[in-house]
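[1] need the 3D shape of this:
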Amino acid sequence: MSFTVFASVMIVVIVWGWIGFLIIAVALVRDSVDAARHRGERLATDSPRQGGSS
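    This next block holds a predicted model:
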């Protein structure tokens, strides 16, 4: 296997690894932000009618 093929394969693997890591990080951050926001809403108002459409 030549060096250029190896280098291009490594670049593709690194790029896709970063993309997957970013997607997972964004999903985790969004999930924690949603959980904190829901917790704040629950603490602020105990009425079960609010926030029905999400």
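
[2] state the distance from Val15 to Phe3.
    As for Val15, its distance to Phe3 is 18 Å (criterion: Cβ to Cβ, to the nearest Å). In this view, the C-beta of every residue, glycine as well, is placed from N, C-alpha and C.

[3] ok, these two, which is more surrounded?
    Remark: of Val15 and Phe3, Val15 carries more neighbours, 10 against 7, as counted by other Cβ atoms under 10 Å.

[4] and the host helix or strand of the more buried one, what's its mean pLDDT?
    Val15 belongs to helix 3-44 when assigned by DSSP states H and E. What helix 3-44 shows for mean pLDDT is 90.

[5] for it, packing partners?
    Helix 3-44 sits against no helix or strand, with contacts defined as 3 or more Cβ pairs under 8 Å, 6 or more residues apart in numbering; DSSP states H and E.

[6] separation between Gly20 and Arg30?
    16 Å.

[7] oops, could you answer that again for Thr4 instead?
    Counting by Cβ to Cβ - Thr4 and Arg30 are separated by 39 Å.

[8] likewise for Arg37?
    Distance from Arg37 to Arg30, by Cβ to Cβ: 10 Å.

[9] now list whatever residues contact both of these two.
    Common contact partners of Arg37 and Arg30 (Cβ atoms under 8 Å, 6 or more residues apart in numbering): none.

[10] how many neighbouring residues does Glu41 have?
    For Glu41, the count of nearby residues is 13 (other Cβ under 10 Å).
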